[in-house]
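>>> From the sequence below, what's the structure:
(one chain, ligands or ions: 2)
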Amino acid sequence: QVPLKPGRSLMDWIRLTKSGKDMTGLKGRVIEVTEDELARHNKKEDCWICIRGFVYNVTPYMEYHPGGEDELMKAAGADGTDLFDQVHRWVNYESMLKECLVGRMAVKPIAAPKEFSSTLSEEKKKLNGMRPEKKVLGASAKDLTPSYDWFQTESLVTVVIYTKQKGMNAELVIVDCEDKQLRGEIIVDDYSYLVEVDLDRAVQEDITVNITEKVGKVEIILKKKDNINWKMLGQPLESHNTFIKRTDRGLSYRKCKLVSKTEVTHDTKLLCLMLPKSTHLRVPTGQHVYLKQIVAGTEVVKPYTPVLPFLMLDFKETPHHDGAHIYLMIKIYSCGLFTQALDNLQIGDYISVSNPEGNFKKSQIQTSEDLFLLAAGTGFTPMVKLLNFALTEVSCLRTVKLIFFNKTEDDILWRNQLEQLALKDERFEVQFVLSEPTKDWVGKQGKISSSLLSEFVKRSRKDFKVLICICGPTPFTEQGVQYLKDLGYSQEEIHAFTA
Ligand code: FAD
Ligand code: NAD
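Ligands and ions are numbered 1, 2, ... in the order given. Okay, the predicted model is just below:
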């Protein structure tokens, strides 16, 4: 992210696109673009980019791009699909850039290689216009491809997915069934298997998902609306029965109801969203979801990390911790485009919530003896489920230390709960560090630094395995990772939460 000039926020961009200004220089015409034509528009002041076969004039957008002009220029006059997918495939560019649409590619573009890397090779700049080609799986992977079957009784229809995976669990199964459209996604490592069908007949709203962990069998049980014999399960939809890389599968959304909104601090709220009865979704520890709303007529998407209703470990007894609710701890920025709109939501209103994403793996903690959590501001959110998981389910852990950076005492999220937890569990310790403390603050002061980290992040024993998780504003995370490396911690010992 780069700092944007004043007057170049997302809201300013939305205003500009709605102003009626000719954003393409084509006076509203949409043209067919050849590869040569595309390549000619490769300068800042005349920059076209192709994303999934559609060409956009991004010159007017340059100063509004949160990633900066240089990032956009990497795909100037070329295909930016891979670059876009690597950085933020969740951003709805169709909506954001619709006024900048120049047209479609005239020729069927050449598919670029699929593997992602952090730097875009020349080869990747080749056009791959349409959606990336599905990866052709090798023979061994084919054997692992899940399969499905279905059967019915008078009142029920059961779709059975044989995942061929041991250790299948509720977090790996995402099911939605709305308006006769059944979508069942199974996560198998980095791959995604999808059953996507327009059902033969209507079903009731509530669905049941049963998982047999040992053999990896997933049953989706649907209740028929009418007790009539179905001739078939339904019509397959576009991605039905496909097994592709997770990163190639588009995000899917469902509308969730806002059921409560409570204050955590002066500017941060805990929102409770209720999933529809027709959805089965559990957000794994360390992962985030995307929220989508229409703001000033444009679809805007932002990531948020679900937390628990509260920290104390007896939470299993609490209502609403049943998988049907998602809790989000969100800081409302006074000039924040998305959070202001979120804050205006009333109890009973709906908001779209995506499938979970993120690359944190629980196994990273399961093999550690010392766990250090470095959080700044709302960077605390991934630490909530992580803490809970670590202290309730990881028996090999000896110490769990949270170093929590905030501006002032009033900004500390769940301070009381954290202090209670430290009293309750002797393995857990919390340290607050303030960057803008008042005179009375007797605790630690300052921002993240090498000396602070060398004081707090120490292996309890030389032979102990350590994991350090870090999350906060990008400069905080980047500096923190660098200091940790300078202190001798390896890449494998550090997990940084980023977008
Ligand atoms: P914008 O309109 O984008 O910005 C307006 C102003 O708000 C800025 O000028 C700045 O002053 C301030 N501001 C906005 N964003 C930031 C920022 N990131 N850091 C510092 N100041 C900022 N936020 C949560 O509150 N809870 C979460 O659980 C959470 N999870 C996240 C998970 C991931 C993976 C990522 C990448 C971000 C997460 N965020 C979370 C941040 C969130 O996605 C938004 O960036 C944030 O809510 C601001 O959006 P906005 O549209 O209101 O602000
Ligand atoms: P904030 O502005 O209140 O700052 C909290 C603390 O962060 C400060 O006291 C300071 O110690 C540190 N800090 C802030 N800016 C810094 C800088 N430039 N260099 C070094 N340290 C700095 O924080 P906030 O408004 O709550 O923002 C939290 C951030 O965490 C947001 O940027 C959000 O996007 C990010 N976040 C990321 C994830 C994720 O998974 N990637 C999840 C949640 C939040």
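
>>> List, one by one, the residues from the stretch 251-400 of the chain near ligand 2.
For the stretch 251-400 of the chain, the residues in contact with ligand 2 (C-beta under 6 Å from any ligand atom) are 288, 305, 331, 376-379, 381-382. C-betas here are computed from N, CA, C, even on glycine.

>>> from these, which are also near ligand 1?
288, 305, 331, 378, 381.

>>> Please name the bridge partners of residue 258.
Counting by DSSP bridges, residue 258 forms beta bridges with residue 273.

>>> Quick check: closest non-adjacent residue to the residue in the stretch 51-200 of the chain that ligand 2 sits nearest to.
Closest residue of the stretch 51-200 of the chain to ligand 2, C-beta to the nearest ligand atom: residue 66 (11.3 Å). In this structure, residue 66 finds its nearest non-sequential neighbour in residue 1, 5.3 Å apart by C-beta to C-beta, 6 or more residues apart in numbering.

>>> My understanding was that the one you found contacts residue 71; is that so?
No. The pair residue 1 and residue 71 fails to qualify as a contact (C-beta atoms under 8 Å) at a distance of 9.8 Å.

>>> Comparing these two, which residue is more hemmed in?
residue 71 (15 against 12; other C-beta atoms under 10 Å).

>>> so what's that one up against?
For residue 71, the contacting residues are 65, 83, 87, by C-beta atoms under 8 Å, 6 or more residues apart in numbering.

>>> Please name the residues that touch the last one.
So the one you mean is residue 87. So, once contact is read as C-beta under 8 Å, 6+ apart, residue 87 ends up touching 67, 71.

>>> mind running it again at 10 Å?
67, 71, 74, 80, 118, 499 (C-beta atoms under 10 Å, 6 or more residues apart in numbering).

>>> In strands only, show me the residues of the stretch 251-400 of the chain next to ligand 2.
Residues of these located in strands (DSSP state E): 331, 376.

>>> Now for the residue in the stretch 251-400 of the chain positioned nearest to ligand 1: which residues touch it?
Nearest residue of the stretch 251-400 of the chain to ligand 1, counting by C-beta to the nearest ligand atom: residue 336, 2.2 Å away. By C-beta under 10 Å, 6+ apart, the contact list for residue 336 reads 9-11, 267, 302, 330, 342-343.

>>> Quick check: which ranges of the chain have low pLDDT?
Residue ranges of the chain with pLDDT under 70: 89, 108-143, 312-321.

>>> rewinding a little: do I have it right that the residue nearest to residue 66 meets residue 477?
No. Here residue 1 does not reach residue 477: they are 11.4 Å apart, not a contact under C-beta atoms under 10 Å.

>>> I'd like to know which elements the host helix or strand of residue 14 is packed against.
According to DSSP states H and E, residue 14 maps onto helix 10-17. Helix 10-17 sits against helix 93-96, strand 289-295, strand 298-304, helix 337-343, with contacts defined as 3 or more C-beta pairs under 10 Å, 6 or more residues apart in numbering; DSSP states H and E.

>>> Buried residues, the strand or helix carrying residue 207. List them.
Element membership of residue 207 [criterion: DSSP H and E] is strand 203-212. Residues 203, 207, 209, 211 are the ones in strand 203-212 that count as buried (16 or more other C-beta atoms under 10 Å).

>>> which residues touch residue 56?
Counting by C-beta under 10 Å, 6+ apart, residue 56 touches 23-24, 47-50, 80, 93-94, 96-103.

>>> ok, of those residues, which come out buried?
With burial judged by 16+ other C-beta under 10 Å, the buried subset of the contacts of residue 56 is 23-24, 47-50, 80, 93, 96-97, 99-103.

>>> how does this protein divide into domains?
10-105, 147-248, 253-357, 362-496 (the TED database).

>>> ok so, going back, what angle separates the helix holding residue 14 from strand 298-304?
Angle of helix 10-17 versus strand 298-304, following axes from the mean of the first three to the mean of the last three C-alpha atoms, to 10 degrees, is 160 degrees.

>>> looking just at contacts, which helices and strands does the host helix or strand of residue 485 meet?
Under the criterion of DSSP H and E, residue 485 resides in helix 474-486. Where contact means 3+ C-beta pairs under 10 Å, 6+ apart, helix 474-486 is packed against strand 370-376, strand 399-406, helix 450-456, strand 466-471, strand 494-496.

>>> Residue 185: which of these is closest?
The closest of the helices and strands packed on helix 474-486 to residue 185 is strand 494-496. By C-beta to C-beta, the value is 24.9 Å.

>>> wait, does that closest one contact ligand 1?
No. On the criterion C-beta under 6 Å from any ligand atom, strand 494-496 is out of touch with ligand 1, staying 10.8 Å away.

>>> just the buried ones among the contacts of residue 56 now: which is nearest residue 282?
Using C-beta to C-beta, the shortest approach to residue 282 within the buried ones among the contacts of residue 56 belongs to residue 93, at 29.0 Å.

>>> Does the closest one touch residue 52 like I think?
Yes. Counting by C-beta under 10 Å, residue 93 touches residue 52, with 9.0 Å between them.

>>> Quick check: neighbours shared by these two?
80, 84.

>>> can you give me how far the helix or strand following the strand holding residue 207 is from the chain middle?
The helix or strand immediately downstream of strand 203-212 is strand 217-224, counting by DSSP H and E. Mean C-alpha position of strand 217-224 versus that of the full chain (C-alpha atoms, centre = their mean, to the nearest Å) differs by 27 Å.

>>> packing partners for strand 217-224?
By 3+ C-beta pairs under 10 Å, 6+ apart, strand 217-224 packs against strand 147-152, strand 156-162, strand 173-178, strand 181-188, strand 191-199, strand 203-212.

>>> 7 Å - rerun?
strand 156-162, strand 173-178, strand 203-212 (3 or more C-beta pairs under 7 Å, 6 or more residues apart in numbering; DSSP states H and E).

>>> Give me the distance between residue 258 and residue 271.
Separation of residue 258 from residue 271 (C-beta to C-beta, to the nearest Å): 6 Å.

>>> who's more crowded, these two?
For residue 258 versus residue 271, the count of surrounding residues by other C-beta under 10 Å is larger for residue 271: 23 against 18.

>>> pretty sure that one is touching residue 328, no?
Yes. Shown here, residue 271 and residue 328 form a contact pair, counting by C-beta atoms under 7 Å, at 4.7 Å.

>>> And the contacts of stretch 168-185?
159, 161, 186-187, 192, 194-199, 202-203, 207, 209, 211, 213, 216, 218, 220, 222, 252, 254, 278-282, 284, 355 (C-beta atoms under 7 Å, 6 or more residues apart in numbering).
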